[in-house]
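Chemist: okay, sequence plus prediction incoming.
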Amino acid sequence: MNDTTHTRFQQRFTMSALACSREVRVLLQRMRKRLAELGVSDAVCASVELVLAEALNNITEHAYAGEAGGSLNICAEISPVALRFTLTDRGQILPGIRLPSGNLPSCDVPLLDLPEGGFGWFLIRGMTTSVTYEREDGENRLVLTLPNALGI
């Protein structure tokens, strides 16, 4: 794992949206466009989009559980070696106030019993160098760090 504690982030910007699937899609498009404008490679942009899509959809589907009017915010910080995204929302707390393990669900079951979900946290953990979660003052804060392999 890369330690980005001492990374000097050179670019910083924020984006916000309502927590619904349509708004999440628009937010992801805006994020990808902004990262490309900053010189982030297509490959890194694709990884960011996949990780953020999983995390933002989790917020929409689970933290807000379909409640209308919830909001989500992203603070993006970019350096030549890493991209850090802090996602905040005021939805429900993660069970146990901790991140899911990210273990793959069992696929050693009959075909009709194969799981349809449970792969998101495995994907997020596999594509990031660091994932942290905390709850403070009624706000969830998820911090995702990805490598900026090709620099900016």
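Modeler: Structure's in. What do you need?
Chemist: buried ones in stretch 77-92?
Modeler: Within stretch 77-92, the residues scored as buried using 16 or more other CB atoms under 10 Å are 77-79, 81-89, 91. (C-beta placed from N, C-alpha, C; glycine too.)
Chemist: do the same with stretch 93-109
Modeler: When neighbours are counted by 16+ other CB under 10 Å, the buried residues of stretch 93-109 are found to be 94, 100, 102.
Chemist: nearest residue to the second one in space, please, no chain neighbours.
Modeler: Nearest in space to residue 100, with sequence neighbours left out and distances taken as CB to CB, 6 or more residues apart in numbering, is residue 121 at 4.4 Å.
Chemist: so what's the backbone phi/psi at the one you found?
Modeler: With angles defined as degrees, to the nearest 10, residue 121 sits at phi -70, psi -30.
Chemist: same question for residue 147.
Modeler: The phi and psi values for residue 147, taken as degrees, to the nearest 10, are phi -70, psi 140.
Chemist: beta partners for it?
Modeler: residue 82 (DSSP bridges).
Chemist: contacting residues for it?
Modeler: Contact analysis of residue 147 by CB atoms under 8 Å, 6 or more residues apart in numbering lists 2, 44, 81, 82, 83, 129.
Chemist: flag the least confident of the residues you listed.
Modeler: In this model, the minimum pLDDT among the contacts of residue 147 belongs to residue 2 (44).
Chemist: residue ranges with poor pLDDT in the chain?
Modeler: Of all residues in the chain, those with pLDDT under 70 make up the ranges 1-7, 113-118, 150-152.
Chemist: what ranges does it have for its helices?
Modeler: For the chain, applying DSSP state H gives helices covering 21-37, 42-58, 120-127.
Chemist: so what's the residue count around the residue nearest to residue 100?
Modeler: 18 (other CB atoms under 10 Å).
Chemist: ok, now which ones touch it?
Modeler: Contacts of residue 121 (CB under 8 Å, 6+ apart): 54, 99, 100, 101, 102.
Chemist: circling back to that earlier point, any idea which of the buried residues of stretch 93-109 is closest to residue 136?
Modeler: Residue 136 has its nearest neighbour among the buried residues of stretch 93-109 in residue 94, at 12.8 Å by CB to CB.
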